[in-house]
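S.K.: Structure for the following, please:
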Amino acid sequence: MPDSSSQNQTLAPLPQSAAVLRDAFSPFSGFPVVGCHAQVQIAGQSPIVLDLTADEDSAAGPLLRASSASLSLTARYTQSPGRHILDEAVTVKFSSPPARLRGLHFGWEFSLAQLSGFRLHPVPFRVGLDGVDRSVRLEESSQIDDYAEGWILENGERGLLVMRLPSGSARTCFVPACTHDDSPDATLQIGSFGPDVRAADDGPEHRTQSYFLIEGAVDGHLELPLTRYIVYEGGWEEGVHLFRESLVQSLPRIGSYRPSPVTYNTFHDFGPAYTRQDILSALPRLQQIGFGMLHLDPGWETAWGSAQWDESNMGAPRDLIEAAARHGLKVGLWTSMHTRDVETFDGLHTLDAQGRSYLAEEFGPVKLWGVCPISRWKELFLSRMRPLVEAGVCFVNSDFHDWPWSGESCHAQDHTHKTVPTRLEWVEAVNDAFCSLRQFNPDLTVEMHDHVESGEYRTPVWYLYGREGSFDEKWAYEFMWTTHDDLLSRKLFALYHLRKAEPIPLYLHMNMMSDNANALAFWYVASCVNHIGVGGALKAPSDVVEGYTKAIALYNAHADEMTSGEFVGLDELTHVHLHPERHRAFLLAFNLEDRPATRMIRWRYGRSCPDLAGKKALVNSQEPAANGSHGDVATFAIEIPPRGVAFASIEFA
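M.R.: Numbering: from 1, shown residues only. A predicted model of the protein is given here:
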């Protein structure tokens, strides 16, 4: 939790002259703005509240200023012409560098008493990875202290979206939302920056969600990432659309994605040990089911995490790749920066302050040791992976590259880092190492888990994606073990909200053995990610395998819609995938109950996809009059089997 000293400060009042902001951005006046909170803390000093003043005569646009003996802060606002969009750029200059910023709390505040009936939603995870709905219906007694990539404040008729704008920089952070009850009126503050609530007193700790603030200033100057405010008409749906639209505009690489086929993952069948013959024997079965890629999980290396092909066990890599190709399968590889043997990369492992190799993971008798990416490890990793990529490996899956959980970083004296690396330097090095593989094959697809903690949500989904030549797909979190149960418990709804809000291509593999013969979990995951992998095909019951064979054939027939088309979420159990050429769509309706269901579908396609306005919708080849469609609305009933999926093909003419 934030320090009590920071929670009990008097809020900086909204300056009288700050009305210039309301004038420049008139929709703001529709929300009960009561103040702008500005509080900073320099390392070794107590928090101080800054008095803000507005510059009404700034030629560059409205801005707020504040200063103290230690620093000056400027918040500059730029409005998009003709739109209710305001971008905020905050700059901090220190009077006596080098200074270390321990915390910055800055953002607009709104009266909770006047927000009765409004709801506050985090974006993208309105439903969290634990399956819990994180939306809050606001009232004067609401207590909020959280972070997200963006927040939507709405009452169904009007809304405010506050979001962090991505860039290629590693220096970014989440947007905080918190309530204050220490002023005359309880308030809600959204953005732009908040206290680093999970930071250790002596430095950054790996679970910190706003670590940018702790990194401090360079040469006494700190430019913080842009925050965007959008006021709009509508509710949550419209806010999510604006969030996604802003990301697409900020990330021009989105349109360059090359989709991958349905992938078979070895782990659920073989665990971390298999032979060349195991793989060769499986190829006909995999081809029959309809897979398009063979993904080798742990087991292909000389040792876990070595990145060294075990030719004594697997034969020549090119021979295996060619054998897979004869069965219509491409080949991808799992990789790890945690190793089973501390000698795998002799002298290149992370060392703690006492000079001991850092134990990164422990699974019973299995111990994994963390490698330091800012060392000769990168050179060795690339030299070992190069012949594999050049031989035809087309997909690389990165895993186990966590920032040391001890928070101590690496203290080795003989690595390429001259000082103890910061977390920012660590993630930069990890991203660079994996993306450097593309020099050996420009068509290689690179997947990245979370840059700070591989299976968790520690950085924004779009983190570092905006860079030219960066990764292609992002890991969609740890739903690969009990996927079917995770869907029935509604945990997988997190993926629905993720796909709805984020344009970043997503990858996830799952366990066929956990699913039913209707391939219910397969279809839900396939609908929520761009690239799906499946394991357990050799051990699953025959009826499940048969169901998957049919499901993958249907998926492949609609691969363009599923992988590269626009995702339109009507609700958590009704998904639409629009073809990239926008002449047809593929609808999936899910039933999680153990009895059949009839669902009435009503899709206002002219509203969600304005370019389709005025076109007729033919559902399953039926004329609009027959399926109940009229105008820009497709209306029809669909029958869904128990714990199953129903499909509809929609053509536009």
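
S.K.: what about stretch 453-465, start to end distance?
M.R.: End-to-end distance of stretch 453-465 (C-alpha to C-alpha, to the nearest Å): 17 Å.

S.K.: So what's the gap between it and the chain middle?
M.R.: From the chain centre to the centre of stretch 453-465 is a distance of 6 Å (C-alpha atoms, centre = their mean, to the nearest Å).

S.K.: try stretch 234-248
M.R.: That offset, for stretch 234-248, works out to 16 Å (C-alpha atoms, centre = their mean).

S.K.: List the buried residues in that stretch.
M.R.: Taking 16 or more other C-beta atoms under 10 Å as the basis for neighbour counts, the residues of stretch 234-248 that come out buried are 235, 236, 237, 238, 239, 240, 241, 242, 243, 244, 246, 247. Placement of C-beta: from N, CA and C, glycine included.

S.K.: Next one: the third one, what pLDDT does it get?
M.R.: The predicted local confidence for residue 237 comes out at a pLDDT of 95.

S.K.: Against which helices or strands is the helix or strand harbouring it packed?
M.R.: In this structure, residue 237 sits in helix 236-250 according to DSSP states H and E. Counting by 3 or more C-beta pairs under 8 Å, 6 or more residues apart in numbering; DSSP states H and E, the packing neighbours recorded for helix 236-250 are strand 119-123, strand 150-154, strand 158-164, strand 227-233, helix 493-501.

S.K.: if you set the cut-off to 6 Å instead, what comes out?
M.R.: Applying 3 or more C-beta pairs under 6 Å, 6 or more residues apart in numbering; DSSP states H and E, we find helix 236-250 packed against strand 150-154, strand 158-164, helix 493-501.

S.K.: Off-centre distance for the last one?
M.R.: This points to helix 493-501. 10 Å.

S.K.: In PDB, list the C-alpha atoms belonging to that helix.
M.R.: Once non-C-alpha atoms are left out, helix 493-501 reads as follows in PDB (Å, rounded to 0.1, in the frame of the first residue of the first chain):
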ATOM      1  CA  PHE A 493     -13.400 -14.500 -19.900                       C
ATOM      2  CA  ALA A 494     -10.200 -12.600 -19.200                       C
ATOM      3  CA  LEU A 495      -9.100 -13.600 -22.700                       C
ATOM      4  CA  TYR A 496     -12.300 -12.300 -24.300                       C
ATOM      5  CA  HIS A 497     -11.700  -8.900 -22.800                       C
ATOM      6  CA  LEU A 498      -8.100  -9.000 -23.800                       C
ATOM      7  CA  ARG A 499      -8.800  -9.800 -27.400                       C
ATOM      8  CA  LYS A 500     -11.600  -7.200 -27.500                       C
ATOM      9  CA  ALA A 501      -9.400  -4.400 -26.300                       C
END
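
S.K.: Pick the most deeply packed of the helices and strands packed on helix 236-250.
M.R.: Mean neighbour count (mean count of other C-beta atoms under 10 Å) peaks for strand 150-154 among those, with a mean of 26.

S.K.: partners of that strand, with directions?
M.R.: The partner list of strand 150-154 in its sheet, established with DSSP bridges, is strand 119-123 (antiparallel), strand 158-164 (antiparallel).

S.K.: Wait, residue 247 touches residue 503, no?
M.R.: Yes - applying C-beta atoms under 6 Å as the test, residue 247 and residue 503 come out as touching, 5.5 Å apart.
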